[in-house]
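Student: return a 3D structure for these sequence lines:
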Amino acid sequence: MSASRRAIITGISGQDGSYLAEFLLSKGYEVHGMLRRTSNLSRTRIDGLFEPDAPSNGCLQLHYGDMTDSMSLVRLIRDIQPHEVYNLAAQSHVRISFEQPNYTAEVCALGVLGMLDAIRDFQHRSGQEVHFYQASSSEMFGNVRESPQRETTPFAPRSPYGVAKLYGHWITVNYRESYGLHASSGILFNHESPRRGENFVTRKVTQAAARIKLGLQKNITLGNLDARRDWGFAGDFVKAMWLMLQRDEPEDYVIATGVSHSVRELCKFAFEHVGLDYRDYVKHDDRFERPSEVDHLLGDATKAQKNLGWKPSVSFQDLISMMVESDLKIAEKQLKN
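Tutor: Numbering: from 1, shown residues only. The predicted structure is shown next:
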């Protein structure tokens, strides 16, 4: 593939953005990442792509922009003239969305509208088609009406995050149907990695297991241990994003492993990996539970498997082991310092 194929990734400094950037660079893309000026220059997930021996070879550039500033999105699209846009930017923490509902809506809902308008305007002026990917979420299913959840399952979000994501999803569908945009949504179920933020439950647990094993921490306090999620590997999921934009016709796809586990099982696997019994270290506190809980999410990715040829490659147990091993290395470095 020619390096002249250009892609924009919003949220490039996040877990998914960093994996997607690596993947697109390996495909020969010219990758442009959007960062907020208030991101505290947190680029640890993508710093390796700027090393002298990195495979990016000068094909990765970063730009300042903000999903809440529509003019910055217009300028970004106009200046880069992308072939593909992957909108991964979000306030992505469900619990925090209850504390910051306005900001969550501005980024996850209205920000999507701003990006779609910027793309539509650019296409009208230039005649160049842009393929757009919207990161939708399994949290849109919320109080689930059927299990497993698929593309036809009714939505019933139970958090400001889920509601905002649902607006972003439906406005993407609307612009596809109203203006003929090549716009697809990936309804992604939970996906994790060693790059997951420390305030997400999977990383919180694997980090605690590693730190407790090395004597750096005594215990961990969590909320609902019985909540069940369909957890996959982020590196697998970003490949599905790319595959969607290579299709002739834009569509929406559920991306999931088809297997669910409870938070309790997550704790069990993580602590067993370091030879510990989670029951000795995991404490429960109601304050860590959501005002309205989503009890069980389980995805059916049959459509993606059939149309995209996509399937997950990393099991839940292997994923948790990978994360614990990474957190052990981080904790060992802290001990040496």
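Student: use CA for all of it now, contacts and neighbours both
Tutor: OK.
Student: and the contacts of the helix or strand bottoming out on mean pLDDT in the chain?
Tutor: Counting by mean pLDDT, DSSP states H and E, the chain has its least confident helix or strand at helix 94-99, which shows a mean of 89. Contacts to helix 94-99, defined as CA atoms under 8 Å, 6 or more residues apart in numbering, come from residues 91, 104, 159-162, 290.
Student: top of these by neighbour count?
Tutor: The most crowded member of those is Tyr161, carrying 28 neighbours; neighbours defined as other CA atoms under 10 Å.
Student: for that one, what are its contacts?
Tutor: 91-94, 97-98, 101, 104-105, 108, 139.
Student: kindly recompute the last result at 10 Å.
Tutor: 90-98, 100-101, 103-105, 108-109, 137, 139-140 (CA atoms under 10 Å, 6 or more residues apart in numbering).
Student: backbone dihedrals for it, please?
Tutor: phi -60, psi -50 (degrees, to the nearest 10).
Student: how about Lys311?
Tutor: Dihedral angles (degrees, to the nearest 10) for Lys311: phi -160, psi 150.
Student: before we move on, what about Ile9?
Tutor: When quoted as degrees, to the nearest 10, the phi and psi of Ile9 stand at phi -120, psi 110.
Student: ok, now Glu265?
Tutor: Per degrees, to the nearest 10, the backbone of Glu265 is at phi -70, psi -40.
Student: any regions of the chain where pLDDT drops low?
Tutor: Low-confidence segments of the chain (pLDDT under 70): 1-3, 38-45, 47-48, 50-58, 292.
Student: could you chop it up by domain?
Tutor: 6-193+232-255, 201-227+260-296+314-336 (automatic domain parsing).
Student: out of these, nearest to Ala304?
Tutor: Of all the domains of the chain, domain 6-193+232-255 sits nearest to Ala304, with 6.0 Å by CA to CA.
Student: got the end-to-end distance for the closest one?
Tutor: One end of domain 6-193+232-255 to the other measures 24 Å (CA to CA, to the nearest Å).
Student: please apply the same query to stretch 284-297.
Tutor: End-to-end for stretch 284-297, by CA to CA: 21 Å.
Student: show me how far it is from its chain's centre.
Tutor: Distance, stretch centre to chain centre, for stretch 284-297: 21 Å (CA atoms, centre = their mean, to the nearest Å).
Student: quick one: buried residues of that stretch?
Tutor: Neighbour-count burial for stretch 284-297, with 16 or more other CA atoms under 10 Å as criterion, is recorded at 290, 294, 296-297.
Student: who's in contact with that stretch?
Tutor: 94-96, 98, 138-139, 141-144, 146-149, 157-159, 189-190, 220-231, 256, 258-262.
Student: same thing but at 6 Å, please
Tutor: 142, 221-224, 227-229 (CA atoms under 6 Å, 6 or more residues apart in numbering).
Student: can I get those in CSV with secondary structure?
Tutor: Below are these laid out as CSV (DSSP: H, G, I helix; E, B strand; the rest coil):
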residue, secondary structure
Gly142, coil
Thr221, strand
Leu222, strand
Gly223, coil
Asn224, coil
Ala227, coil
Arg228, strand
Arg229, strand
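Student: surely Phe155 forms part of a strand?
Tutor: No: read with three-state DSSP, Phe155 is coil and lies in no strand.
Student: for the residue nearest to it when sequence neighbours are not counted, give me its contacts.
Tutor: Among residues not flanking Phe155 along the chain, Phe141 sits closest, at 4.4 Å (CA to CA, 6 or more residues apart in numbering). With contact set as CA under 6 Å, 6+ apart, Phe141 has these partners: 155-157.
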